[in-house]
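# okay, predicted coordinates and the sequence, questions at the end:
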Amino acid sequence: VSTQSTGSSGINAEYGGPPGAGKGTQCTKIKEEFGYIHRSAGDLLRAEQAAGSDDGELIADYIKNGKIVPIEITIKLLEKAIVSSGVNKVLIDGFPRDEPNLAGWESAMTGKMNTQFMLYFDCDEEECLRRAMARNQNRADDNPESFRKRIATYNTSTTAVINIFKGRDLLRRINANGSPEEVWSETKQLFQ
């Protein structure tokens, strides 16, 4: 999660962590307590796929294989969702996923968003797998094979983004192995 501003008067937050780290749970709490809106790149991609758009089949193939969807598609969906909300305090879930995502996002959103920090939910792979399998949301990618592909893609692609935010002194790391309440106790301090 990095916090960012829309225009000159708002805050936007991006956040990251491996699949199953509890990002959605924590973002719901941030949204409720601090007035942010929550936009998940994954949710937007799945909705676009379900809508049967021109990009839907391509998105389905990428998601099924645990690959990163082309940046142009993701940025277009995120920007549309943020602008249409009319809210300037935004949490962006699961994006940017790799260096090209970050470069594309920064290029497209310069002057529109101001990143305050990236909130990184650090969680062990086996705990993430346990949580993903337990959530039973009938998602095509919530099975052990797809999950392991997603984790592998995440680990190889997202580490560079984490290091970039760390180098900019914009990385805030949260130990996400605990209960949702324990993780929330640490997370909320960053927004107070």
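Alright, I've got the coordinates. Numbers count the residues shown, from 1 in each chain.
# report the buried residues of the lengthiest strand in the chain.
Using DSSP state E to define each element, the chain has its longest strand at strand 113-122. Using 16 or more other CB atoms under 10 Å as the test for burial, strand 113-122 gives 113, 114, 115, 116, 117, 118, 119, 120, 121. C-beta coordinates here come from the backbone N, C-alpha and C atoms, glycine included.
# so which of these comes closest to residue 156?
residue 120 (16.3 Å; CB to CB).
# and that closest one, how far is that from residue 190?
Distance of residue 120 to residue 190, computed by CB to CB, to the nearest Å: 11 Å.
# count of residues packed around residue 182?
13 (other CB atoms under 10 Å).
# helix, strand or coil for it?
helix (DSSP: H, G, I helix; E, B strand; the rest coil).
# so where's the chain shaky on pLDDT?
Counting by pLDDT under 70, the chain contains low-confidence ranges at 1-13, 136-142.
# dump the residue contacts of the most centrally placed residue in the chain.
Centroid-nearest residue in the chain, with CA atoms, centre = their mean: residue 94, separated by 1.6 Å. Applying CB atoms under 8 Å, 6 or more residues apart in numbering, we find residue 94 in contact with 15, 16, 23, 40, 41, 42.
# rerun that using 7 Å as the cut-off
By CB atoms under 7 Å, 6 or more residues apart in numbering, residue 94 lies in contact with 16, 23, 40, 41, 42.
# let me know the closest of the residues you listed to residue 176.
residue 23 (8.2 Å).
# phi, psi of that closest one?
In this entry, residue 23 is assigned phi and psi values of phi -60, psi -50 (degrees, to the nearest 10).
# what do you get for residue 91?
phi -100, psi 130.
# you'd agree it is up against residue 26?
No - using CB atoms under 7 Å, residue 91 makes no contact with residue 26, being 9.1 Å away.
# list the buried residues in the helix or strand that contains residue 174.
Assigned by DSSP states H and E, residue 174 belongs to strand 171-175. Buried residues in strand 171-175, counting neighbours by 16+ other CB under 10 Å, are found at 171, 172, 174.
# contacts for that strand next, please.
Residues contacting strand 171-175 (CB under 7 Å, 6+ apart): 117, 118, 119, 120, 121, 122, 162, 165, 183, 186, 187, 190.
# the fourth one: what's it in contact with?
Read that as residue 120. Residue 120 sits in contact with 16, 17, 162, 171, 172, 173, 174, where contact means CB under 7 Å, 6+ apart.
# make it 10 Å
1-2, 14-18, 21, 23, 158, 161-162, 165-166, 171-174, 176 (CB atoms under 10 Å, 6 or more residues apart in numbering).
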